[in-house]
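S.K.: got a sequence here, can you model it:
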Amino acid sequence: SENEALQRLLVNNLPVGMVIVDPKTRLIERVNHHAAALFGAPMERLVGRGCDALFCQSQEDACPVCDKGQTIDNAERSMLRHDGSTLAILKTVKRVMLNSHEKLVECFVDISERKQAEDALRVERENLQAIFSASPLGMLLLDDQATIVHSNVQMGRMVARNLDQMISYRGGGGLGCVHSLEHPEGCGHAEACGQCPINQSILHVLNTGQAIHGTEVQFHLMRDGKVELPWLSLSAEPLTLNGKKHLVVAIDDITQRKLMEEELRAGARTDKLTGLPNRALLLDRLKHAVQRAARLSEYHFAVLFLDFDRFKTINDSLGHDVGDELLRQIAQRLQATVRSGDSLHRDVRQHTTARLGGDEFVVLLDALASPADAQIVANRLLDAFSQPYQLGAHTVYSTASIGIVTSDMHSGSADEILRDADTAMYEAKLAGKGQFVVFDVSMRCRVQNRLNIESDLRKAVEEEQLFLLYQPIVSLHSGKVESYEALVRWRHPQRGLIAPGEFIGIAEETGLILPIGQWVLRQACEQFLRWRAIMGAAAPASISVNLSRKQLMLADLPQTIESILRQTGMAAGDLHLEVTESAVMNNVDAAAQTLRAIKNIGVKIDMDDFGTGYSSLACLHQFPIDILKIDRSFVANLERGRHFAALVHAVVQLARNLNIRVIAEGIETADQLLTLQTLECELGQGYLFSPPISAEQVQQYTPKPVGLPGQAA
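M.R.: Below you'll find the model as predicted:
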């Protein structure tokens, strides 16, 4: 009939799968083309069959087609086909009257692709959730409107908000509402949020699709009622979820790192102990001063190079903590003294007080009214540093030696100016410490000469340009030579004989004194044995060799001495080693320990230059001394008055009580000899008896009768 044809047309052309089932028999009466295609079977094969002709079973217990005759609206079902594949469908079941008979009309819509997309989206979200939860960074998921969709706990901690607070901000606030900028209410101020550097970065990624990684931004954050300025490292990556643009944002709080970087930058240009600028910052400012002086004839500056006297002694004897406190107090005095001279310069704020290292400080006097004003500042500094320092329980003194270079006398680079100021400071030390010296060109020549000597001295050690002379030590009672002191000399191939005063100090500073000292000891021991073999009973009873300050500091010095004695065959008791009073007083405990170890070998110990090292006579018992050598300065002054004679007499009597023999150095006149004899000094040495002579001359040497008791002058 026409009605039947119309029904068939509608069923076959509906865009969904349709099955008509008899509710009583549960047999399929009609199937349209979409259903046949969905079930994968021809329509004629399905008609008259039961529900199992369509599917093996449902993933649910109900019948996949009729659901036991229940009426259903848009129910999702998962079906298992006969070929083993799974089909996701959206099902509707209705009871209708067709041709006066009740029928079940089942409509099926294939939603497999949609379900797959939803499952994929769910997996993506779960993965994001896992990443967000595990990440130590603050994580945000934003939609294409820059509205927060999801966040992790770390992000909440970072901005002092929980997830609900962050995702509740909608409508223009977006990411800007994570923080408040200057507005505590935050989300209500879209314009303010739009100025946020985070928002600007996020909008750039959304608009361009270009990811950003590690962009550093600083923003205002209202946290615990206070506005903070944290630094953040921002990374943002575009992401498509369910066909829509999203953004994954990772935020790391790098505030502590930025603070550390700032500390490192400041530390790179600041002395940590004193807080003063260091060498790098000083040189930078000095370079600018040099450039200004080159441009402006009326501009003047000066550099004061300071080194503090006796600092090493204080540091070694009282400990590094006390030494550090001394340096801090020095820095405070420097700053206070330089600031107090406002009338000397145009802008005191431009002055720079810096610590180069150790006990070396530099003052850059910038924009001086006159270069001569530098000396006024130097005098003020010397006055400030002449006052004692109170370091805990210790009261100490540490005067300063200052070298000055002014811009009117120097047109070199910053490094050259600093070098010349250092040179002038060294001259101030040589001149007696506690004073200043203004640089002149002749000082540079002397420094160059020192450098040349140092270079040539290294060759002298390698090429055996050094040799020994020997000065007799004579009994002031019998006139007999008791010993010889070995003295090193240098014959330069071009400059001829170089005095010890020109190279011994340089050898000490450079460390060359160590190989030179070992060479002298070995040569002296070998020469002593040759004298014994040649001279027999006329040979000297012993030989004396000087030990330098650096040698005395060597931990293995006793072993080295013992090794040389063994190799040369020298008897330990025939060797005297001379150490200066200042060397042993530099570090009393260490020196005493080393000298006792040498004494245990059997070697004799002589203290040289006694009276110049500021030691107490009571200290003598701490050292295993065999002979005390009174410094030549005391002998030279014997003729000036009774005070010096009284000092020498006191030393002689104390030494005798301690069973120590005494040698007077530098005897040059018969009157000095007579006074020393009267004071009962036992031994003497000096040009009155003989200058230093060669080893060959020793073999023919006969002491001159110079008014000794029982001899004619």
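S.K.: from here on, contacts and neighbour counts on C-alpha atoms
M.R.: Will do.
S.K.: for the stretch 301-450 of the chain, what spans make up the strands?
M.R.: Using DSSP state E, counting those that start in this stretch, the strands of the stretch 301-450 of the chain run over 302-308, 352-357, 360-365, 389-391, 394-396, 400-406, 436-438.
S.K.: actually the stretch 551-700 of the chain, sorry about that
M.R.: According to DSSP E, counting those that start in this stretch, the strands that the stretch 551-700 of the chain contains are 575-580, 604-610, 627-630, 661-664, 683-684.
S.K.: could you redo the ones you listed as JSON lines and give each row mean neighbour count and mean pLDDT?
M.R.: Converted to JSON lines, those look like this (neighbours: other Cα atoms under 10 Å; pLDDT from 0 to 100):
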{"stretch": "strand 575-580", "mean neighbour count": "22", "mean pLDDT": "95"}
{"stretch": "strand 604-610", "mean neighbour count": "24", "mean pLDDT": "90"}
{"stretch": "strand 627-630", "mean neighbour count": "23", "mean pLDDT": "93"}
{"stretch": "strand 661-664", "mean neighbour count": "24", "mean pLDDT": "95"}
{"stretch": "strand 683-684", "mean neighbour count": "26", "mean pLDDT": "96"}
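S.K.: kindly reformat the ones you listed as a markdown table containing distance to Thr352.
M.R.: Below are these laid out as a markdown table (distance: least, Cα to Cα, whole Å):
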| stretch | distance to Thr352 |
| --- | --- |
| strand 575-580 | 41 |
| strand 604-610 | 42 |
| strand 627-630 | 47 |
| strand 661-664 | 51 |
| strand 683-684 | 55 |
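S.K.: which stretch in the strands of the stretch 301-450 of the chain is the model least sure about?
M.R.: Between the strands of the stretch 301-450 of the chain, the one with the least mean pLDDT is strand 352-357; it has a mean of 84.
S.K.: next helix or strand past the helix or strand hosting Arg522?
M.R.: Assigned by DSSP states H and E, Arg522 belongs to helix 513-535. Next along the chain after helix 513-535, taking DSSP H and E as the criterion, comes strand 542-546.
S.K.: mind saving the C-alpha coords of that following strand as PDB?
M.R.: What follows is strand 542-546, C-alpha atoms only, in PDB (Å, rounded to 0.1, in the frame of the first residue of the first chain):
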ATOM      1  CA  SER A 542     134.700  23.900  62.800                       C
ATOM      2  CA  ILE A 543     132.900  25.800  60.000                       C
ATOM      3  CA  SER A 544     129.800  27.900  60.200                       C
ATOM      4  CA  VAL A 545     127.000  28.100  57.500                       C
ATOM      5  CA  ASN A 546     124.100  30.500  57.500                       C
END
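S.K.: buried stuff in stretch 130-148?
M.R.: 132-133, 137-148 (16 or more other Cα atoms under 10 Å).
S.K.: should've said stretch 270-277
M.R.: For stretch 270-277, by 16+ other Cα under 10 Å, it's Thr270, Asp271, Thr274, Gly275, Leu276, Pro277.
S.K.: that's a strand at Leu247, yeah?
M.R.: Yes. Using DSSP: H, G, I helix; E, B strand; the rest coil, the assignment for Leu247 is a strand.
S.K.: retrieve the pLDDT associated with it.
M.R.: At Leu247, the model reports a pLDDT of 84.
S.K.: from Val123, how far off is it?
M.R.: 17 Å (Cα to Cα, to the nearest Å).
S.K.: do the same with Gly573
M.R.: 94 Å.
S.K.: for Ser370, same thing?
M.R.: Using Cα to Cα, Ser370 is found at 80 Å from Val123.
S.K.: between these two, who's got more neighbours?
M.R.: Between Ser370 and Val123, counted using other Cα atoms under 10 Å, Ser370 has the larger neighbour count: 17 against 12.
S.K.: skip the chain neighbours and tell me the closest residue to that one.
M.R.: Nearest residue to Ser370, sequence neighbours excluded (Cα to Cα, 6 or more residues apart in numbering): His300, at 6.5 Å.
S.K.: now do Tyr687
M.R.: Leaving aside its chain neighbours, Tyr687 sits nearest to Glu668 (5.3 Å; criterion: Cα to Cα, 6+ apart).
S.K.: what does that neighbour show for phi and psi?
M.R.: Here is the backbone geometry of Glu668 (degrees, to the nearest 10): phi -120, psi -20.
S.K.: hang on, it packs against Ser690?
M.R.: No. The pair Glu668 / Ser690 is not scored as a contact, 9.4 Å apart, by Cα atoms under 8 Å.
S.K.: before we move on, back to that, just the buried residues of stretch 130-148: which are in helices?
M.R.: If you go by DSSP state H, those have Phe132, Ser133 in helices.
S.K.: for Leu521, see how far away Ile543 is.
M.R.: According to Cα to Cα, Ile543 stands 10 Å off from Leu521.
S.K.: no wait, Arg328
M.R.: Taking Cα to Cα, one finds Arg328 at 43 Å from Leu521.
S.K.: what do you get for Glu509?
M.R.: Taken as Cα to Cα, the span from Glu509 to Leu521 is 20 Å.
S.K.: higher neighbour count, these two?
M.R.: Per other Cα under 10 Å, whichever of Glu509 and Leu521 has more neighbours is Leu521, with 21 against 12.
S.K.: quick one: contacts for the closest residue to the more buried one other than its chain neighbours?
M.R.: Of all residues not flanking Leu521 in the chain, Val545 sits nearest, at 6.4 Å (Cα to Cα, 6+ apart). Applying Cα atoms under 8 Å, 6 or more residues apart in numbering to Val545 gives the contacts Glu485, Ala486, Leu487, Val520, Leu521, Ala524, Leu575, His576, Leu577, Glu578.
S.K.: rerun at 7 Å
M.R.: Glu485, Ala486, Leu521, His576, Leu577, Glu578 (Cα atoms under 7 Å, 6 or more residues apart in numbering).
S.K.: separation between the residue nearest to Cys525 when sequence neighbours are not counted and Glu562?
M.R.: Residue nearest to Cys525 in three dimensions, not counting chain neighbours: Met570, with 6.1 Å by Cα to Cα, 6+ apart. To Glu562, Met570 is 10 Å away according to Cα to Cα.
S.K.: same deal with Asp324?
M.R.: Taking Cα to Cα, one finds Asp324 at 39 Å from Glu562.
S.K.: cool, and Glu526?
M.R.: Applying Cα to Cα to Glu526 and Glu562 gives a distance of 14 Å.
S.K.: where does the residue nearest to Ser370 sit: helix, strand or coil?
M.R.: For His300, the assignment made with three-state DSSP gives coil.
S.K.: isn't it right up against Ser407?
M.R.: Yes. Look at His300 against Ser407 with Cα atoms under 7 Å: they come within range, at 5.9 Å.
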